[in-house]
Each structure stands twice: as structure tokens, then as C-alpha cells.
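[1] With the sequence up front, the predicted model follows.
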Amino acid sequence: MVETLLGIQILAGLFACFMLYVAFVHFKQRNIDRFEMLFWAGVWGAFLYFALFPRVLDPLLARLFVARSMDLLFIIAFMILAYLGFQNHVGIKWVQRQIETMVRSKTLKNAHQK
Amino acid sequence: MKVFVIIPAYNEHYRLPAVLEKTRRLYPRLPLVVVDDGSEHPIKKLTIPGIIWLRHQVNLGKGASLKTGAEYSFSHGADGVIFMDSDGQHDPVEIKKFIDYLNRGSDLVFGSRRPSLDTPLVRLLGKKLSSVYINLLFGVYISDILSGFRALSRSAYGYVKWDSSRYGVESEMVARLGKYRKLLKYVEFPVETIYIDKYKGVTVVDALKIFSHSLWWKLS
């Protein structure tokens, strides 16, 4: 049975394709390695698949008491965002500390008295 | 007691020379440590004698500058340090009082800005509110939590050494003092302040950050 695609599915599909392209560009620019590229290809490929064929999630939805496939995707998206946000927070703090230590050590080494 | 004066400076090319000249005139032998916190154009080293010039290659913030100054001073034989702003809002005449308090055994000395008719109302209210808030959390009442004119001894530095790299440094010092208030002797006295720039210093966003960070310092 062929179902009509909803506007939100088309939007989600386009977004997934765009994100796949972004991941690919970063891979080409060597900002991410092969493993990360595969990981993100998996994430956005799965997102694209579930956005286009939401019915495959029906058995899971019933078990999790979630009304619609899109709701489940949003819940998962929020979880991923929260994880990435936390990772970013920790990473930035670490980088800040490193920079501060480096700058201070260089400053103290170059102390100049008149 | 060997005391160093630490002056953090960021883009203060115009006001800093007067501050340094006056301080040097009043205290010819006092070591002055200027920390240029990555100013867009490096601060020109003046020919005033006895000034130690430190420069961060990038802007790290006031907290980081004070820490660099303190690290330098304590590793070069200082027994105490005095922090003073570079924009001329603190009168170097008061430095003597800080030294006296340090000599009398105080570990932390706070110079609290005396309210005057020139004090903007928002600052006055903000000051009071933050003092009450910090007192509730840490059991230490300082009437001007955000004043940068303060002094600390070498031993106090070990206890109140801060992590804040920006404007949270003043409140974090008081928060840490609260944790070790049984071990540290602190005192505050009123200082004259000249309010130069209405929009400089702690912003509302900084204040909100300080408020939330204080809760974190309380829990950690």
C-alpha cells in the first residue's frame, strides 16, 4: 500500500539529506574521521528511513506508549541533543582550561620588568 | 610583609598611566604588577620604574588576569597581594590601609565602595541584593561583593584560589572564604570610589551568571 507523504515527512527527509551532505563535507575536509562519518551516516540514514516509513515503528510505539512515530523521533532527537550539548559543555570547559594554562605559563615566562 | 599590587588591564591605554604614576608617586618601592589581558593593541610599557609587565596573548578575563598576577607575585616572594582596577576608580591612597590590615594579620581585606550620590541606583540595589544573597548561601556578609579593590595573604590564596576566569572572580573569592571562614580572618573597610563609566564592569548577564554559579559553588 502506498501512502501519501505528509509535508512534515518531506521536510524531515530533506533535512536528513542535508545533514548527510554536511557530514560528508566535513569528512572530505578531514574534520571527522571515517568512523564518525559512518556513525552520522547511520544516524541520518535511520532518521530518513523512519521519516519516510513511520509505520515500521508501530510495534515499538505500542510498547513505549507513544502515540505517533514523529513523537518518538522527537524524543530521541532531544535525547541526542541533550547528550551533545553536555559533551560540548564539557569539551569547551576543557579547552578553556587548557588555553588559560598555556597562556598563563607563557605570560609568566615572558614577564618583563622595567 | 612584602606586598605586590596587581592591576589587571584590558584596553585601558588612556587611564592606566595616571593610575600607575599616582601609585608609584605614593609608594616608590611597592612592586606593581600590570597584567595586560590581551588588549587589542598591547599596552605600551611606561618608563615608570619597578613595574612588572605581564601580557596574556589572548583575552582570558579579569579572573584569569588576577590569577596570573597572583601566581607571579607569590612565586616571586610576595606575602600578600592587593588587587586594584586599572581604570582609576580606586584611589591608590587606600593601598596603605590594605597593607596595614595585612600586617595586622588579616587574610582577606575587602575595600567596599562607599555609596555616594554619584552611585547609579541599579548598582546600589544590585550590590545590596548580591551581599544578602551571598550571606544567605555562605554566611559571610560583605557590603560590596563586587568590589575589585581587595587584598589577600599568601595563605589565604591557597584557600580562595578561584576558577572563574571572568567577572565571577570577586563573588567566588567570597564564596570560598565562606567555606573556610573559621580558618581565615577577614575584614572590610569603606573606600572612596570614582564611578567613571556607567556601562563598564559587571553587566546584568554577568550578574545572572554569578547568581547561578553561586549555587553551584555552594553545592560543590
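    Thanks, I have the structure now. Since the model is a prediction, treat every value here as computed from it, not as a measurement. Residues are numbered from 1 along each chain as shown, chains lettered A, B, ... in the order given.
[2] Can you list the low-confidence ranges for the chain?
    All of this refers to chain A. Filtered on pLDDT under 70, chain A yields the residue ranges A:1-3, A:113-114.
[3] that's the wrong chain, I wanted chain B
    Chain B contains residues with pLDDT under 70 at B:195-203.
[4] is it true that residue B:49 lies in a strand?
    No. Residue B:49 is assigned coil when assessed by DSSP: H, G, I helix; E, B strand; the rest coil, not a strand.
[5] Wait, it touches residue B:25, no?
    No. In this structure, residue B:49 is not within contact of residue B:25 by C-beta atoms under 8 Å, at 11.7 Å. Placement of C-beta: from N, CA and C, glycine included.
[6] Next secondary structure after the longest helix anywhere in chain B?
    Longest helix in chain B, counting residues (DSSP state H): helix B:121-138. Toward the C-terminus, helix B:121-138 is succeeded by strand B:150-153 as the next helix or strand (DSSP states H and E).
[7] now residue B:63, nearest residue through space, not along the chain?
    Residue nearest to residue B:63 in three dimensions, not counting chain neighbours: residue B:169, with 3.4 Å by C-beta to C-beta, 6 or more residues apart in numbering or on different chains.
[8] what's near enough to touch the one you found?
    B:62-63, B:66, B:162 (C-beta atoms under 8 Å, 6 or more residues apart in numbering or on different chains).
[9] Quick one: those as TSV, columns for distance to residue B:113 too.
    Putting those into TSV (distance: C-beta to C-beta, whole Å) gives the following:
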residue	distance to residue B:113
B:62	16
B:63	19
B:66	18
B:162	20
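[10] now the residue most central in space within chain B: how far from residue B:209?
    In chain B, the residue lying closest to the centroid (C-alpha atoms, centre = their mean) is residue B:148, at 3.1 Å. Taking C-beta to C-beta, to the nearest Å as the measure, residue B:148 and residue B:209 are separated by 17 Å.
[11] could you say what helices and strands whichever strand or helix holds residue B:158 packs with?
    Assessed by DSSP H and E, residue B:158 sits inside helix B:154-160. With contacts taken as 3 or more C-beta pairs under 8 Å, 6 or more residues apart in numbering or on different chains; DSSP states H and E, helix B:154-160 sits against helix B:62-75, helix B:169-179.
[12] Near chain B, which residues of chain A are found?
    By C-beta under 8 Å from any C-beta of the partner chain, the residues of chain A that approach chain B are A:96, A:99-100, A:103-104, A:106-108, A:110-114.
[13] Secondary structure for those - can I get that in JSON lines?
    Below are the residues of chain A next to chain B laid out as JSON lines (three-state DSSP):
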{"residue": "A:96", "secondary structure": "helix"}
{"residue": "A:99", "secondary structure": "helix"}
{"residue": "A:100", "secondary structure": "helix"}
{"residue": "A:103", "secondary structure": "helix"}
{"residue": "A:104", "secondary structure": "helix"}
{"residue": "A:106", "secondary structure": "helix"}
{"residue": "A:107", "secondary structure": "helix"}
{"residue": "A:108", "secondary structure": "helix"}
{"residue": "A:110", "secondary structure": "coil"}
{"residue": "A:111", "secondary structure": "coil"}
{"residue": "A:112", "secondary structure": "strand"}
{"residue": "A:113", "secondary structure": "strand"}
{"residue": "A:114", "secondary structure": "coil"}
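[14] now that we have the residues you listed, which one has the most neighbours?
    residue A:107 (25 neighbours; other C-beta atoms under 10 Å in any protein chain shown).
[15] Dig out what the closest residue to that residue other than its chain neighbours forms beta bridges with.
    Spatial nearest neighbour of residue A:107, chain neighbours left out: residue B:54 (5.0 Å); criterion: C-beta to C-beta, 6+ apart. On the basis of DSSP bridges, residue B:54 takes part in beta bridges with residue B:35.
[16] From what I see, residue B:54 and residue B:70 are in contact.
    No. Counting by C-beta under 8 Å, residue B:54 stays clear of residue B:70, with 11.1 Å between them.
[17] OK, contacts around residue B:209?
    Counted by C-beta under 8 Å, 6+ apart, residue B:209 has contacts B:167-168.
[18] and what of residue B:61?
    Each residue near residue B:61 by C-beta under 8 Å, 6+ apart is listed here: B:37, B:164-167.
[19] Quick check: residues of chain B near chain A?
    B:35, B:45-58, B:60, B:64, B:67-68, B:71-72, B:75, B:165.
[20] please redo it, this time with the cut-off set to 10 Å
    B:31, B:33-38, B:45-61, B:63-65, B:67-69, B:71-72, B:75-76, B:163, B:165 (C-beta under 10 Å from any C-beta of the partner chain).
[21] out of these, which are buried?
    Among those, those scoring as buried are B:31, B:33-38, B:51-56, B:59-61, B:63-65, B:67-69, B:71-72, B:163, B:165 (criterion: 16 or more other C-beta atoms under 10 Å in any protein chain shown).
[22] element containing residue B:213, please.
    helix B:204-219.
[23] report the angle between the axes of that helix and helix B:121-138?
    10 degrees (axes from the mean of the first three to the mean of the last three C-alpha atoms, to 10 degrees).
[24] Name the residues of helix B:204-219 that come out as buried.
    B:207, B:209-211, B:213-214, B:217.
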